[in-house]
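Visitor: Generate a structure from the sequence data that follows.
(chains A, B, C, D, E and F)
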Protein chains: 6
Amino acid sequence: MARPVTLFTGQWADMPIAELAPLAKEMGYDGLELCTWGDHFDVASALEDDRYVRRRLELLEKHELRCYAIGAHMVGQAVCDRIDERHRDVLPAHVWGDGDPEGVRRRAAQELIDTGRAAHRFGVDVVTGFTGSSIWHSLYAFPPTSQDYWQRGFVDFAQRFEPILAAFEAENVTFALEVHPTEIAFDIASAERALEAVRHHPNFAFNYDPSHLGYQGVDYVTFLRRFPDRIAHVHVKDAWWGRGDGTVGVFGGHTTFGDARRSWDFRSVGRGDIDFEEIIVALNDIGYRGPLSVEWEDARMERVHGAAESAAYVRALDFEPASAAFDAAFSSTSTET
Amino acid sequence: MARPVTLFTGQWADMPIAELAPLAKEMGYDGLELCTWGDHFDVASALEDDRYVRRRLELLEKHELRCYAIGAHMVGQAVCDRIDERHRDVLPAHVWGDGDPEGVRRRAAQELIDTGRAAHRFGVDVVTGFTGSSIWHSLYAFPPTSQDYWQRGFVDFAQRFEPILAAFEAENVTFALEVHPTEIAFDIASAERALEAVRHHPNFAFNYDPSHLGYQGVDYVTFLRRFPDRIAHVHVKDAWWGRGDGTVGVFGGHTTFGDARRSWDFRSVGRGDIDFEEIIVALNDIGYRGPLSVEWEDARMERVHGAAESAAYVRALDFEPASAAFDAAFSSTSTET
Amino acid sequence: MARPVTLFTGQWADMPIAELAPLAKEMGYDGLELCTWGDHFDVASALEDDRYVRRRLELLEKHELRCYAIGAHMVGQAVCDRIDERHRDVLPAHVWGDGDPEGVRRRAAQELIDTGRAAHRFGVDVVTGFTGSSIWHSLYAFPPTSQDYWQRGFVDFAQRFEPILAAFEAENVTFALEVHPTEIAFDIASAERALEAVRHHPNFAFNYDPSHLGYQGVDYVTFLRRFPDRIAHVHVKDAWWGRGDGTVGVFGGHTTFGDARRSWDFRSVGRGDIDFEEIIVALNDIGYRGPLSVEWEDARMERVHGAAESAAYVRALDFEPASAAFDAAFSSTSTET
Amino acid sequence: MARPVTLFTGQWADMPIAELAPLAKEMGYDGLELCTWGDHFDVASALEDDRYVRRRLELLEKHELRCYAIGAHMVGQAVCDRIDERHRDVLPAHVWGDGDPEGVRRRAAQELIDTGRAAHRFGVDVVTGFTGSSIWHSLYAFPPTSQDYWQRGFVDFAQRFEPILAAFEAENVTFALEVHPTEIAFDIASAERALEAVRHHPNFAFNYDPSHLGYQGVDYVTFLRRFPDRIAHVHVKDAWWGRGDGTVGVFGGHTTFGDARRSWDFRSVGRGDIDFEEIIVALNDIGYRGPLSVEWEDARMERVHGAAESAAYVRALDFEPASAAFDAAFSSTSTET
Amino acid sequence: MARPVTLFTGQWADMPIAELAPLAKEMGYDGLELCTWGDHFDVASALEDDRYVRRRLELLEKHELRCYAIGAHMVGQAVCDRIDERHRDVLPAHVWGDGDPEGVRRRAAQELIDTGRAAHRFGVDVVTGFTGSSIWHSLYAFPPTSQDYWQRGFVDFAQRFEPILAAFEAENVTFALEVHPTEIAFDIASAERALEAVRHHPNFAFNYDPSHLGYQGVDYVTFLRRFPDRIAHVHVKDAWWGRGDGTVGVFGGHTTFGDARRSWDFRSVGRGDIDFEEIIVALNDIGYRGPLSVEWEDARMERVHGAAESAAYVRALDFEPASAAFDAAFSSTSTET
Amino acid sequence: MARPVTLFTGQWADMPIAELAPLAKEMGYDGLELCTWGDHFDVASALEDDRYVRRRLELLEKHELRCYAIGAHMVGQAVCDRIDERHRDVLPAHVWGDGDPEGVRRRAAQELIDTGRAAHRFGVDVVTGFTGSSIWHSLYAFPPTSQDYWQRGFVDFAQRFEPILAAFEAENVTFALEVHPTEIAFDIASAERALEAVRHHPNFAFNYDPSHLGYQGVDYVTFLRRFPDRIAHVHVKDAWWGRGDGTVGVFGGHTTFGDARRSWDFRSVGRGDIDFEEIIVALNDIGYRGPLSVEWEDARMERVHGAAESAAYVRALDFEPASAAFDAAFSSTSTET
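Guide: Sure, this is the predicted structure:
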């Protein structure tokens, strides 16, 4: 059997999990990557209340769904970020607190540690998420930006994440960073540098998502071959690029997703430019056997239509690797008796 | 005669103007776009000392060079930016002062006004430069960023630049924004929005530079056709893209220019991917008759070699528009007598 | 629900409508765009005989089909054309008459007016069709052709169509020109000029058909974004280009469709080079909610096979637009109770 | 009805035919192209034992399968090749004998003649296969290689195959060479030369297989149009190219199939870069009505999964040619009565 | 020495030849292809007045120029065309006469015969030019156009040109048709058909001009390889395509050359998309040794600038074929004595 | 000063060195890479006769030429090859001897050792050349070829070359293998494997030549970055690919160079598809400071014309690396005093 196809619930947080679970099954999914916002997976309850964990598991089981990972993107984003008003809208009130930046970052780090513990209690050994970054704003390197300036950002990341990773290690849970603009790692070079910053900590890995790499011009298939041992989870999300009317480029022109002028945008899986065939081949080559988790975002499409077609698309594309060597059959020269 | 070919002196600020002027002539240039750093064009001296202005003009004349524009990029950058330590290295001490962000921004705005006045005294009616931006850091739109958030950045720009533009208008000098990442405008869509923000002020225009647009995926020829009346000055600067080893994309991966992993970089004119032929055609179509100012940056090449070959390249490419209509000659049917 | 998928009956005119209607249903269509040739929709009968109209509607209803538009291409072609023997084969005898060119054009104009009236009686408010053109033959501009010469063609079009459009307005029916070689408009520039020629008459619009634009090198997606308010009907027809053996280009080399030497040809929907994904996106962006009418032409394929696969293709591709804003779900931070 | 879809059994020779036949049916095939190795089709038995032939035919019939061709690739390879140890592994013991090269070649020629006779007894008139080549090793032309040198290779081929073709003619069976690297013909130019070498013998034709042509840069659609009368059989096999990491090119770098560094590889049908749409069009244009025989090879995919999806892919792609001329329907102008 | 570089004078007919000749030399040309309009080459004078011929030859000689061909495009165009007002502007008054179409065509045919005779008296054995066409207007094939309809156009061409070619044969002069839209031949397929129509008359050949083929999508290098014995003369003219703003395609949108919306346009040699390198290679391969005649047209460029750079461009590109076989030097193994 | 531009004399071996030396100077070269065939550099004489060495050096000096490398391609080819009649034509008689394959290989190995010694006596520390290969003939891997089979080829290479490299080490000379089809290394993967086979012997390096890599689909720029320490010499040779008529692919179709059907061929430098700009950039990045040696081969061009234009092309392209860091000039904020 090929890999399970799951749905990341982050884009469905407005829908109660009790409603989303049967819908996900109906749309063709084998499982859910539960996010820690909306009512999908509440960290505090999971830590404090055994019944909460049991009820969640029963809900999934009832709909023949499994959970392989917990998504902690929002709280992770705040760990290293230069905090501004936009974070308030996406953070739990107890993490935002009074909004003082350093306080927010520290509470976010604690919340992420708690998420790892909660995941473990839930029987899940991967937490996907973001890290934020203290140096993302300097990406263009003007005013002239030195390697010292950037290195301080990686050091800051390491200092903030090493305690988190230690806590994860204690729970035997892996933190899988989704390499993504605004994070400490957003391409292969910065992913290597982040890995070095935390000295290749065994509980630090990646939540591979090609949609954030392709439009940048990063070779998203090479990503898999460069980090064969660090692919802890995979998002299947599509994007298109080289579109629009030429007035907005990769930097986005301060336009909203779905604006027809944009050169790139997220698209329902199979509607964009990501070559998932190459990705499946590479995942087989490196031996990844985990779930393919659809992160569905398409500013233009009705989401149930989209998530259903995406599940079908992934299932048709994925395949089992060969069990026997090529051309072996040619060598059989026995004749019938 | 086709357009004059000038050299932007910003990348040569370590060389005294007395040395650069004869070298520029020798490298094949018709003029200089003097920058306001190094010793090339000192705003305070130009305002206070008539002899300074006269000596500069004599120096240019002696080497048969002309000046069509003054470049005030560094100080302009500080007008709207979120100020950090990187600005200190590129600002005059009296603008940086105590480094308090809002104080820096205000002193930079005043310095820019002074630059317009100095340019006028120098007989030049274009100041090229940057604006900085209070919202560049949010370019990727995560955490989710609203149009309100971005609009506040454009309002901030308008509030800070309207007094500057008023001062420029009084001197009959145009401020020509080089559309560029980290500025309020960095593509066609944001350039339109910036223009609207200052209500199409007559003294606000663009210093066109294709090298900042092409690698982003912005149609740099369309830029000219979209703003035919706002092209006050033109930089000839080249870049290549779609290169590197696939590990670093458009966002630059926190790598330094010249790093072989990068997908894009600046290159000596004619060595990159900018289609200058299309640009010359469009400049002729829209009637631009000003200088073609080489901004020479190539992290890999010896600069005198590069600036000389760039001047020759531009001169070979540029051409006069046709004076007569196509096929007119076909209609002449008179026979010899 | 996404848009209805209909079949243009022009390529099936050899088949009686009583036979075609059940076949269309079986091939997967929701409706028919009836043409005015063959026995599909007879203008004179519809105008003179209420029972004819009623019987046609009953036939459609019996097969659960709807009609959203009447196709009057042949008679429209004759309104502005330089008439030659080829028109005789495609015009009703009473329109051709004695074949005197100006007489043919006038009778065709009257027939088109009658078609608008008949459509109204049939409960349909769109007539799709052609206009012909008095200047198509001069398209290459040799011998040298002036704008005066071409402008006379647009004036001729306006003079012949303004009475037709007035009649359509009286019936509240829109004439939707299929922008197409040999018509007054065959690309975006000429479509704009045609629109200006009839002073943006409210009953003049377009029957969008990308297959006539793509192989020419016209940006068929831009067409939709340029005329968002004038897309009255949509043909889904496919073409391929950049094929053949290099001996025949876009001008067709006086070869017949299906000739293997041709660089372009019409193809069954989904077998060609039209990017229908981009078209569906643009149709959603501009708010088009009418039918997607398959005009099936493929010189190489058995037509029932082709029309059936085309209906399935369109249905799989089309989708409902999103109802909620992207990323809205991220902001929900309530926890379970 | 479109063409039958068959499976070439060469890659399944490790599986007894009694097991493969029902599996093939289940995977969606209409027939088998039986290979002469494994227990699929034993030449000696077919020649000597009428019951063997009958039992094979009954087996096929029982599973509603047909056989249109016998595949004799291995033995054909040895007819002209410079024999080395690699041939031993793929040849029947009685052909290999003592391994003396010329002896092997002669026994292989005789075995191929016998295969033609056996095919005829089996009611099949096409034997697909290879020829080997005495000059393949010199393909790069260094040390400098003359046309005389190469011509000797074609003469050798003709001398060895003319007796074989004469024997095939006597049985009314066609030998269909699969144009393929290591054979006397491996592109269009060498296929023409091979045809000339055997003076266009009526029983010499091609087993078309695009997968061996595309990655070389040979125009595989042109192949069909160049030899419309010599396409005796068609393999549907896919390959991709322009992949890998840039370290291995078309010559393969002495790497094994499935190595991620390779620029090209065989892929399950529909997963590669062969444009089968263009091929089906050309097959219809030249009037080929025989089977489409899937030769399934993909070093990365589980073969039952792959062969099943390949059968479905071919069936969805293939189509009947048009029966009537394009636009004929437009000419029908009769009205309803 | 490589081929002579000449200038076609058609686009300079407003300039007296006495002025153009020294200018051409100065711009770098070796000769002139004199057109029969303006005062460049007057057919009647050449036929009637020996001194006229002598003076023209002396003028050329004085400026070290040679004439290899006479250009009779305008009068040739009228031979087969459907005549309209546009022809009047480009025809000599005595050919236009009363403008009755058939009369114009007959007088044009006679004028073309006279041009052949005049060329012979001038010592030139090639007349380049056009043919016009009675079927160009039907190029798109709508209303549906039969092969009978088109064949009548080729028959008309043959009937009108056979007497002309007979007259040329008597003078030992070749008529070289410039394959071009609006002519009987405008791509490779129609060129083959035209050649067949005049039964491969030995005095009918082509004036090769890639600029009319490339933007259509015709393989202009294949043209040379398809007709190696019929290339009597070569125009070097450049065009670009795949440009513009997407609103005007290959059919030109009834726009004027130089309009920025056009997808294609003529450009100064070296500024467009024609791959002249491939052309020079093919000309060497087929053994063409005649002149390379620059036909300079660029609606955007000052023509003296353009014609001078074009001459230099051609001269830098052209090269002599190899005299010895490749790798021959490798075989020399003699050692020094 | 940028790198010296030299000429490889292998393709000029029919011309005495006394004639070639002044011609090379005149064509624009700074030096010669002398080949060991023709009379250019005789190994035996150099070893035995001091005057020979002195006279050669004086000849070069007289024409202001230098020699940086000796080319021993022919004899190197025979060291590992499966010897056939083609080797006889390119080997010295004393190496060919009686033509027994193993004898030829051993004499060739000894001759190569002697060449290293002779080079040292001549003051040159690089010998460029080939190795041949015992496994090139199996490149396509059919009959199925195992890694064992190929590995034996690399072992054979190591066994034959280790004594040669030891001898070179004693002379402080590097053997620079030109990675090339028919050699033990012909792409990056096989180059790595060859390097491993000789255990990274310090005197084994590469003579980089992009023309043998590009048409294969090997990333020839990556080659430089993969082996920064092993680039001992550089050939500047051009090739084009993706050409021809589609009937001959990369394997060459047993056609001769210069055949118009071929998809690839060698071309005069600057006339092909090699991106030398990228190569110069990479050579600067890795710090290569040796000569750029033009290996001129173009079956279509007169060689003196070609070699002269190639020298000029290389000289215009090559450039000195930057001495100072990018943007450093921006930081200078001192003002004039």
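Visitor: Next, see if stretch A:218-228 gets close to chain D.
Guide: Yes: interface with chain D: stretch A:218-228 contributes A:Thr222, A:Arg225 (C-beta under 8 Å from any C-beta of the partner chain). Just so you know, the C-beta spots here come from the backbone N, C-alpha and C atoms, and that holds for glycine as well.
Visitor: Please work out which residues outside that stretch touch it.
Guide: Residues outside stretch A:218-228 that contact it (C-beta atoms under 8 Å, 6 or more residues apart in numbering or on different chains): A:179, A:187-188, A:191-192, A:195, A:206, A:208, A:210, A:213-214, A:231, A:274-275, A:278-279, A:282-283, A:285-288, B:245-249, B:263, D:245, D:260.
Visitor: cutoff 7 Å now
Guide: The contact list for stretch A:218-228, computed with C-beta atoms under 7 Å, 6 or more residues apart in numbering or on different chains, reads A:187-188, A:191, A:206, A:208, A:210, A:213-214, A:231, A:278-279, A:282-283, A:286, B:246-247, B:249, D:260.
Visitor: and those, which of them are in helices?
Guide: Using DSSP state H, A:Ile188, A:Ala191, A:Glu278, A:Ile279, A:Ala282, A:Leu283, A:Ile286 are the members of the contacts of stretch A:218-228 that sit in helices.
Visitor: Might you list the low-confidence residue ranges for the stretch 201-337 of chain A?
Guide: Residue ranges of the stretch 201-337 of chain A with pLDDT under 70: A:324-337.
Visitor: Helices along that one, start to end?
Guide: Assigned by DSSP state H, counting those that start in this stretch, the stretch 201-337 of chain A shows helices spanning A:220-226, A:276-286, A:303-317.
Visitor: swap in the stretch 1-150 of chain A?
Guide: Going by DSSP H, counting those that start in this stretch, the stretch 1-150 of chain A shows helices at A:17-27, A:43-48, A:50-62, A:73-80, A:85-88, A:93-96, A:101-121, A:147-171.
Visitor: Turn the ones you listed into TSV, columns for mean pLDDT.
Guide: Shown next, in TSV, are these (pLDDT from 0 to 100):
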stretch	mean pLDDT
helix A:17-27	98
helix A:43-48	97
helix A:50-62	97
helix A:73-80	98
helix A:85-88	97
helix A:93-96	98
helix A:101-121	98
helix A:147-171	98
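Visitor: Can you say which of the ones you listed is packed in most?
Guide: For those, the largest average neighbour count (mean count of other C-beta atoms under 10 Å in any protein chain shown) is found in helix A:73-80, namely a mean of 26.
Visitor: residues touching A:Arg315, list them.
Guide: Shown in contact with A:Arg315 (C-beta under 7 Å, 6+ apart): A:Val5, A:Gly28.
Visitor: Could you check how far it is from A:Val294?
Guide: Look at A:Arg315 and A:Val294: by C-beta to C-beta, to the nearest Å, they are 10 Å apart.
Visitor: A:Gly244 now?
Guide: In terms of C-beta to C-beta, A:Gly244 sits 25 Å off from A:Val294.
Visitor: And those two? Which one has more around it.
Guide: A:Val294 (28 against 22; other C-beta atoms under 10 Å in any protein chain shown).
Visitor: isn't the more buried one right next to A:Val269, touching?
Guide: Yes: using C-beta atoms under 7 Å, A:Val294 is in contact with A:Val269, at 6.0 Å.
Visitor: Neighbours of the residue in the stretch 151-300 of chain A that chain C sits nearest to, how many?
Guide: Residue nearest to chain C within the stretch 151-300 of chain A: A:Ala299 (4.1 Å; C-beta to the nearest C-beta). Per other C-beta under 10 Å, the neighbour tally for A:Ala299 reads 18.
Visitor: Quick check: phi and psi at it.
Guide: As for A:Ala299, its main-chain torsions (degrees, to the nearest 10) stand at phi -60, psi -10.
Visitor: from the stretch 1-150 of chain A, which residue is nearest to chain E?
Guide: Counting by C-beta to the nearest C-beta, the stretch 1-150 of chain A gets nearest chain E through A:Tyr140, at 29.3 Å.
Visitor: Once you drop chain neighbours, what's closest to that residue?
Guide: B:Pro181 (4.2 Å; C-beta to C-beta, 6 or more residues apart in numbering or on different chains).
Visitor: quick one: that neighbour and A:Gln147, what's the gap?
Guide: Counting by C-beta to C-beta - B:Pro181 and A:Gln147 are separated by 19 Å.
Visitor: sorry, back to before: anything in contact with each of A:Arg315 and A:Val294?
Guide: The overlap between the contact sets of A:Arg315 and A:Val294 (C-beta under 7 Å, 6+ apart) consists of A:Val5.
Visitor: Residues of the stretch 51-200 of chain A that sit close to chain B?
Guide: Counting by C-beta under 7 Å from any C-beta of the partner chain, the residues of the stretch 51-200 of chain A close to chain B are A:77, A:86-87, A:89-90, A:135, A:137, A:139-145, A:147, A:149-150, A:181-182, A:186-190.
Visitor: residue contacts, the closest residue to chain B within the stretch 1-150 of chain A?
Guide: Residue nearest to chain B within the stretch 1-150 of chain A (C-beta to the nearest C-beta): A:His137, separated by 3.5 Å. Residues near A:His137 by C-beta under 7 Å, 6+ apart: A:Arg82, B:His137.
Visitor: so how far is chain C from it?
Guide: Noted for A:His137: a distance of 20 Å to chain C, by C-beta to the nearest C-beta, to the nearest Å.
Visitor: can you pull the pLDDT of that residue?
Guide: The confidence metric pLDDT takes the value 97 at A:His137.
Visitor: any idea how far B:Glu277 is from it?
Guide: Applying C-beta to C-beta to A:His137 and B:Glu277 gives a distance of 37 Å.
Visitor: So in terms of bridging, what pairs with the spatially closest residue to A:Thr6 that is not a sequence neighbour?
Guide: Leaving aside its sequence neighbours, A:Thr6 sits nearest to A:Gly31 (C-beta to C-beta, 6+ apart; 3.9 Å). For A:Gly31, the beta-bridge partners are A:Thr6, A:Arg66 (DSSP bridges).
Visitor: okay, now A:Gly31: neighbour count?
Guide: Each residue near A:Gly31 was counted by other C-beta under 10 Å, and the total is 21.
Visitor: give me the number of residues near A:Ala205?
Guide: Neighbour tally, A:Ala205, other C-beta under 10 Å: 20.
Visitor: Could you pull up the residues touching it?
Guide: Neighbouring residues of A:Ala205 by C-beta under 7 Å, 6+ apart: A:Thr174, A:Ala176, A:Arg230, A:Ile231, A:Ala232.
Visitor: so which two of the ones in helices among the contacts of stretch A:218-228 are the farthest from each other?
Guide: Pairwise distances across these peak at 18.6 Å for A:Ala191 and A:Glu278 (criterion: C-beta to C-beta).
Visitor: so A:Ala239 makes contact with A:Gly272?
Guide: Yes: if you go by C-beta under 7 Å, A:Ala239 and A:Gly272 touch, sitting 4.9 Å apart.
Visitor: quick one: is stretch A:13-21 near chain B?
Guide: No: under the criterion of C-beta under 7 Å from any C-beta, chain B is not reached by stretch A:13-21; the shortest gap measures 12.4 Å.
Visitor: okay, that stretch in PDB with CA atoms only?
Guide: Extracted in PDB, the C-alpha atoms of stretch A:13-21 (Å, rounded to 0.1, in the frame of the first residue of the first chain):
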ATOM      1  CA  ALA A  13     -10.200  26.000  11.900                       C
ATOM      2  CA  ASP A  14     -13.500  27.900  11.700                       C
ATOM      3  CA  MET A  15     -15.200  24.500  11.400                       C
ATOM      4  CA  PRO A  16     -15.600  22.400  14.600                       C
ATOM      5  CA  ILE A  17     -13.600  19.200  14.500                       C
ATOM      6  CA  ALA A  18     -16.800  17.200  15.000                       C
ATOM      7  CA  GLU A  19     -18.000  18.500  11.700                       C
ATOM      8  CA  LEU A  20     -14.700  18.400   9.900                       C
ATOM      9  CA  ALA A  21     -13.800  14.800  10.700                       C
END
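Visitor: wouldn't A:Val179 be in contact with A:Arg193 here?
Guide: No: here A:Val179 lies out of contact with A:Arg193, judged by C-beta under 7 Å, at a distance of 11.4 Å.
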